[in-house]
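**Student:** this one's structure only:
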């Protein structure tokens with residue numbers, strides 16, 4: 001028998017890993033994204049239109065790179081933790097409030113920085129925000 005409090009919980013997870021080579025040059029493809037893993041725990045307040053998610057996302061380090069043409073910035077691995085609340089008072093109205101990057105880590109997207117040299121000043125501009133909040137209201141009509 002499941003405890004009533006646990007009936008409100010659900011788990012979501014996913015992993016993306018890919019591997020690619022330029023078979024003619026026998027080198028790794030720089031366009032292949034590094035590992036990404038997601039684990040989320042959701043609490044749904046039945047029968048109320050309220051939910052909350054705790055999300056943990058890990059972005060791996062791209063260790064298969066081809067620097068033969070030019071060196072480029074390769075971001076380090078990082079793990080981010082987000083907390084998001086959802087409220088849907090009516091079917092056409094929903095509100096979302098999230099606290100993102102609770103560990104206040106500085107991080108970069110591999111796909112956004114792989115065209116920059118390691119000392120390019122745009123690398124600093126391409127970093128994602130540390131701890132931040134977001135509030136969204138959606139009205140569907």
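**Tutor:** Yep, it's here. Computed from a predicted model, the values in this text were never measured in an experiment.
**Student:** in this model residue 130 seems to touch residue 104, though I could be wrong.
**Tutor:** Yes. Counting by Cβ atoms under 8 Å, residue 104 does reach residue 130; the two are 4.3 Å apart. C-betas here are computed from N, CA, C, even on glycine.
**Student:** compare neighbour counts for those two and give me the winner.
**Tutor:** residue 130 (13 against 9; other Cβ atoms under 10 Å).
**Student:** residues contacting the more buried one?
**Tutor:** Shown in contact with residue 130 (Cβ atoms under 8 Å, 6 or more residues apart in numbering): 101, 104-106.
**Student:** at 6 Å what do you get?
**Tutor:** 101, 104 (Cβ atoms under 6 Å, 6 or more residues apart in numbering).
**Student:** next one: residue 113
**Tutor:** 73, 123, 126.
**Student:** got phi/psi on it?
**Tutor:** phi -120, psi 0 (degrees, to the nearest 10).
**Student:** so what's it closest to, chain neighbours aside?
**Tutor:** Closest residue to residue 113 apart from its sequence neighbours, by Cβ to Cβ, 6 or more residues apart in numbering: residue 73 at 4.7 Å.
**Student:** tell me the pLDDT of the one you found.
**Tutor:** Residue 73 is assigned a pLDDT of 90 by the prediction.
**Student:** from residue 83, how far off is it?
**Tutor:** 30 Å (Cβ to Cβ, to the nearest Å).
**Student:** tell me the centre residue of the protein?
**Tutor:** In the chain, the centroid-proximal residue (Cα atoms, centre = their mean) is residue 57; its distance is 5.2 Å.
**Student:** where does pLDDT dip in this protein?
**Tutor:** Applying pLDDT under 70 to the chain flags residues 5.
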